[in-house]
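K.L.:
Below is the sequence, then the predicted model.
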Amino acid sequence: MSAAHAQPYWQQGTKTAYGSASTNLEGLASGLTNAGANICVGYGNLFTDKIAYGIDFCAYWAPLTGGYVGRARLQKLAYGSSVTKSSVWLGAFVEYEQNLNMTITGDTFGSVNQGIGVGAQYTYWLTANTGIYFWPQISRTNGGPSGLWDFQLIAPVGVQVAW
């Protein structure tokens with residue numbers, strides 16, 4: 001791989017798509033309490049050579065819970081060029097979340113949550129168009145167990161492509 005093509009040439013109109021999938025196990029010292037799966041996909045578009053807007057959608061499922069989260073984000077390229085093998089994008093986002101829960105007796109209840117947050121996406125570019133990212137994000141949301149406004153941290157690892 002030539003250093004001149006270590007990552008995309010960021011310019012107005014460059015598009016990105018990204019995705020991640022994960023599973024999780026939850027438990028206490030007495031044993032396993034829940035297991036679930038999560039999938040996230042997103043799309044971004046540069047409207048200048050260093051600023052992008054994007055949307056992403058995440059769905060999650062566990063035996064008695066499920067839901068989705070949609071985010072709209074604005075990002076700025078903080079580090080990276082066509083001669084570096086990695087990039088860092090800083091961003092802010094708003095989110096909307098819908099939850100559906102089921103009790104053991106079959107009753108259902110749900111909640112709608114909102115939030116705002118910030119994050120930093122680090123991508124190591126394997127080719128000029130494909131990379132692996134780590135994307136820690138913190139949001140202030142009412143989506144926690146109590147329904148009160150609190151902080152939430154997510155840190156997905158996934159694949160990103162650019163064209």
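P.N.:
It's in.

K.L.:
okay, CA-based contacts and neighbour counts for the rest of this
P.N.:
OK.

K.L.:
Which pLDDT does the model give the residue lying closest to Phe47 once chain neighbours are set aside?
P.N.:
If the residues on either side of it in the chain are set aside, Phe47 comes closest to Gln12, at 5.0 Å by CA to CA, 6 or more residues apart in numbering. Looking at Gln12, its pLDDT is 94.

K.L.:
my guess is Gln12 contacts Gly44, does it?
P.N.:
No - under the criterion of CA atoms under 8 Å, Gln12 makes no contact with Gly44, lying 11.5 Å away.

K.L.:
When the two are compared, which one has more neighbours?
P.N.:
Applying other CA atoms under 10 Å to Gln12 and Gly44 shows that Gly44 carries more neighbours, namely 21 against 14.

K.L.:
For the more buried one, pull up the helix or strand it's in.
P.N.:
When elements are assigned from DSSP states H and E, Gly44 belongs to strand 31-46.

K.L.:
Mind listing the residues bridging to the nearest residue to Cys58 once chain neighbours are set aside?
P.N.:
Using CA to CA, 6+ apart and skipping residues adjacent in sequence, the residue nearest Cys58 is Cys40, 4.1 Å away. On the basis of DSSP bridges, Cys40 is bridged to Ser20, Cys58.

K.L.:
If anything else comes up later, I'll come back, but that's it for now.
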